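Asks: pasted the sequence and its predicted model underneath.
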Amino acid sequence: MTLFNIIFYIAAAIVICATGLAITRQSTVHAVCYLVISFMGTAVIFYILGAPLLAALEVIIYAGGIMVLFLFVVMMVKDQQDPRDKPSRIKKWLPALILAGISAVMAGMLVFADPGNRLRPPAVTGTPQEFGRILFQEYWFPVEIASLLLLAALIGALYLGRRTGHPEDTP
Amino acid sequence: MTLPYTHMLFLAILLFMMGAACAMTRKSLFMILIGVEVMLNAAGIAFVAAAMRWLDMNGQVMALFVMTAAAAEIAVALALIVCVQRRTLSTNADRFNLLKG
Amino acid sequence: MKPVLFLLISLPLLGALILALIGRFLSRRSVETIACTSVAAAFVLALTAFLLSGQKAHSLTLAQWFTAGSFQVDLELYYDPLAAVMALMVTFVSSIVHLYSVAYMRHESGYTRYFCFMNLFVFAMLVIVTAGNLVFLYLGWETVGLCSYALIGFWYEKPEAANAGTKAFVVTRLGDVAFGIAIALCWFSLGHLSVSGINDSAAGLSSQTAGIIGFFLLLAAIGKSAQLPLAVWLPDAMAGPTPVSALIHAATMVTAGVYLLMRFFPIIQGSPILMAVIACVGVITICFGAFSALVQKDIKRILAYSTISQVGYMFLAVGAGDLAGSLFHLIAHAFFKSLLFLAAGCIIQALHEEQDIFRMGGMRQKMPHLFWLFLAGTASLGAVPLTAGFFSKDRILLAVFLQPQTGFKVLWAIAALAAIITPLYAFRLFFIVFFGKSHAGAGQAPISPASIPNRMIWVLWPLAFFSVFAGFFNLSVNCAGNEWLVHYLAAVPGAAMELHASPKMESAMQMGSALITIIMVIAAWIFYGLRIQPSESGEAAFRNKLNALFLNGFYLDRLYRTWIITPYRTTAGFLWQKVDAGWVDAGLAQSARFFLDLAERLRLWTTGRISQYVSMMVAGFTLILCSLTVAWWVFQI
């Protein structure tokens, strides 16, 4: 049980608990906050798995960008509470739990199927230099496409979010 | 020594299924989006684990692109929610059932 | 010879085609001219062929019809003395009937249709007579059935006429099915379908095979010639115009059945059992027809039952092996029966479509010309001495008597009994119509006759001449005749034998039948001419029942209706309503409705809720994972 393993399992536990809490909160803001914790844990896992640049990017983009954006919109938009449904918590979650549970078990069995999967990969690290080299040399085209994608998303979000002066719109 | 590859994949699977359960169950539009985010994150973990297993940087690059697409998607989705909420004053997914048969 | 025969059958066909295609645009005169000239020309050609043929058989092929593998059918003609005599008779009677029809149908509007079908009928009958190939004969056979249907139902707006046409067609159809079976049997057992081929190789058949083939031919003949058990169509067929009855149901179509048996006599000869069956059928029908004719009130129905009875005589002759006698009676019957029908048509038209004989008295004074014509026909029918009917019927009775088996003696006795009834009903008809006063209903004045065109009367004189004097064609030797017909038919296969009776027996039979006939004529005069009625009540009740039995044709129609038609209809109704509409259609409708219901229920699945759709996606994903896992697990183990 090396340090590597210990850190991984601790981070994994944090991620799972935080995600579990996040998806069961009634209040959306609480859920977002727990999700931020979950993404921090994911960043630690990335670092452990030999992707330091990705870990940093996870914190910056995911936890710092996307979740903050989430918070902005949640606070801007009224009426965020989940309506109090009649069926109890467990009854509401039951079909999802069953389906997800079966899928998880099946997927797990499939993962177990290949003996090659039981190997323990050596601990290596992909340095940022290496990462950048590959990204901008081999994958330059997808990078350009990704930038276009972000541009399209930007324009789309701008357009969708504008105020039209339509009588149906609420201020 | 490091841990078995299966454990990393188990983590990814578990996270993915939790995200799917959230998307299936919750009625608020925001919570559905959070479920989608969790699923995307799980996919990223799986890619990075595979990159470590196969000693191939392509996995990490793929994880980066997943992150990028997630960002773009969240931006547009949130803008949509804002737009929809302006029209109907509700963010309950059950309210939007005009396509029902 | 070839062009003569070809023109013989094609001229009436040409006439029919012209009338069918452009008859609507021609004037009435031209339509009538085309029809009559084509048939008259056919008569001239038949005469020419008769004179040219020289008592031999001629075979010629007109064209190839169709081939199917080794099965080949040609349009062949086979013209031998039998065909020659028949063709002459058919064309002669047809010409007279056509001339008569021109005047009879002068007020009808459907004359084009009438003459077209009459011409087609003559063509078809000539095909039957001269066909050298069984399938070609079948063509003519079916076409006469078609024309008979069309002409009986000529006034198709009247339901009884339409029904009578259908009935005739359906009943003769039963015979036609048997004919088809016979054709197939001939092909399989003999390998030929040509008349000459069949007749030449018929000797090689075993008695059973010949009997079976001949039996099916007999069934076909029974259908066409209206013998028992298929005799029911002929009395109802009188709903058609009278010239149609004269041509089709007296001279030609009903004799087609007899002709078929005569044509294939070598096959029939091969089975003595079959000959006995034919004779029995003939005898039973003779009695059926004679007794039914005795009490009828409608003039045409009397003549119809009389036809049934007389054709029975022809069948009896064939069964007794006397082809020449059968043909002789056929010719004589053609003359006097068509004469009687046409004369009856004159009376009916003169009395404004009245057909009940009890309303027709005293025609002797009102229409004196018809009196002599009708007398000629009736005398020949009743076998008054020295008429054609006398000689022909006598020859048949002699032939039956001379057959060695004892069964034939019984048949002779029964036929002789019917021969007593025949002059009785014939002269009953004659006396009631032409003498005395009309027995119209109380308060109705007797009908005074309208005038009818003279042409309708004078065309009948040739028929009257022949019906009286045609007997001299075949006078037997000991009457100082030369039996011309018998010798003429010597070339026909299986035909014509001389009856080897001693002159004394022959004279005795002739004297006896002559005497009986004269007695019955006198009896008819007493009963019907002078109207002496027997009048005891007890006997009257029995007589009434007997009367009803005869009047309704021995209730055959009712029998068929109860035992054949009603069960068939019930079964068909059941199959239609319960099986077809109930199971098949309803089953289809049910399965369609099932799918509709299923779709209705499935529609409820699309609720429009996002969470449900996401759940469904995850469920599908789960399913895929499960199947992959199971597949892996199975292949691992």
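Replies: That came through, no problem.
Asks: neighbours of A:Val68, how many?
Replies: Residues lying near A:Val68 (other CB atoms under 10 Å in any protein chain shown) number 12. Bear in mind the C-beta positions are built from the backbone N, C-alpha and C, glycine included.
Asks: check it and give its pLDDT.
Replies: At A:Val68, the pLDDT value in this model is 94.
Asks: assign C:Phe66 to helix, strand or coil.
Replies: For C:Phe66, the assignment made with DSSP: H, G, I helix; E, B strand; the rest coil gives strand.
Asks: make that C:Leu60, sorry
Replies: Going by three-state DSSP: C:Leu60 is strand.
Asks: neighbours around it, how many?
Replies: Look at C:Leu60: counted by other CB under 10 Å, it has 15 neighbours.
Asks: who's in contact with C:His98?
Replies: C:35-36, C:39-40, C:115, C:118 (CB atoms under 8 Å, 6 or more residues apart in numbering or on different chains).
Asks: as a check, name the ranges of all helices in chain B.
Replies: Secondary structure of chain B (DSSP state H): helices at B:5-25, B:29-54, B:58-88.
Asks: I'd like to know which elements the shortest one is packed against.
Replies: Which is helix B:5-25. helix A:3-23, helix A:89-113, helix B:29-54, helix C:610-636 (3 or more CB pairs under 8 Å, 6 or more residues apart in numbering or on different chains; DSSP states H and E).
Asks: send over that helix as PDB, restricted to the C-alpha atoms.
Replies: What follows is helix B:5-25, C-alpha atoms only, in PDB (Å, rounded to 0.1, in the frame of the first residue of the first chain):
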ATOM      1  CA  TYR B   5      -6.200  -0.300 -13.700                       C
ATOM      2  CA  THR B   6      -9.600  -1.800 -12.800                       C
ATOM      3  CA  HIS B   7      -9.900   0.300  -9.800                       C
ATOM      4  CA  MET B   8      -9.500   3.500 -11.800                       C
ATOM      5  CA  LEU B   9     -12.100   2.300 -14.200                       C
ATOM      6  CA  PHE B  10     -14.400   1.400 -11.300                       C
ATOM      7  CA  LEU B  11     -14.200   4.900 -10.000                       C
ATOM      8  CA  ALA B  12     -15.100   6.200 -13.400                       C
ATOM      9  CA  ILE B  13     -18.000   3.900 -13.800                       C
ATOM     10  CA  LEU B  14     -19.400   4.700 -10.400                       C
ATOM     11  CA  LEU B  15     -19.200   8.400 -11.000                       C
ATOM     12  CA  PHE B  16     -20.800   8.000 -14.400                       C
ATOM     13  CA  MET B  17     -23.700   6.100 -13.000                       C
ATOM     14  CA  MET B  18     -24.200   8.700 -10.200                       C
ATOM     15  CA  GLY B  19     -24.400  11.400 -12.800                       C
ATOM     16  CA  ALA B  20     -26.900   9.300 -14.900                       C
ATOM     17  CA  ALA B  21     -29.000   8.800 -11.800                       C
ATOM     18  CA  CYS B  22     -29.000  12.500 -11.100                       C
ATOM     19  CA  ALA B  23     -30.100  13.300 -14.700                       C
ATOM     20  CA  MET B  24     -32.800  10.700 -14.600                       C
ATOM     21  CA  THR B  25     -34.300  11.700 -11.300                       C
END
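Asks: model confidence over it, on average?
Replies: 94.
Asks: one more: the last one?
Replies: The predicted model assigns helix B:58-88 a mean pLDDT of 92.
Asks: what of stretch C:595-609?
Replies: Averaged across stretch C:595-609, pLDDT comes to 88.
Asks: near chain B, anything from that stretch?
Replies: Yes - using CB under 8 Å from any CB of the partner chain, stretch C:595-609 comes into contact with chain B via C:603-609.
Asks: those residues into a markdown table, with extra columns for neighbour count and secondary structure?
Replies: Shown next, in a markdown table, are these (neighbours: other CB atoms under 10 Å in any protein chain shown; DSSP: H, G, I helix; E, B strand; the rest coil):
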| residue | neighbour count | secondary structure |
| --- | --- | --- |
| C:Arg603 | 10 | helix |
| C:Leu604 | 9 | coil |
| C:Trp605 | 10 | coil |
| C:Thr606 | 13 | coil |
| C:Thr607 | 14 | coil |
| C:Gly608 | 15 | coil |
| C:Arg609 | 17 | coil |
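Asks: between the residues you listed, which is nearest chain A?
Replies: Distance to chain A across those (CB to the nearest CB) is lowest for C:Arg609, with 12.6 Å.
Asks: wait, doesn't that closest one sit right on B:Arg95?
Replies: No - assessed by CB atoms under 8 Å, C:Arg609 is found out of contact with B:Arg95, at 9.4 Å.
Asks: ok, for C:Lys2, nearest residue in space, not its chain neighbours?
Replies: Once flanking residues are discounted, C:Lys2 sits nearest to C:Leu60: 5.2 Å by CB to CB, 6 or more residues apart in numbering or on different chains.
Asks: quick one: is stretch B:29-47 near chain A?
Replies: Yes - shown here: stretch B:29-47 in contact with chain A (CB under 8 Å from any CB) through B:30-31, B:33-35, B:37-38, B:41, B:44-45.
Asks: ok, that stretch near chain C or not?
Replies: Yes - using CB under 8 Å from any CB, we find that stretch B:29-47 touches chain C at B:Ile32.
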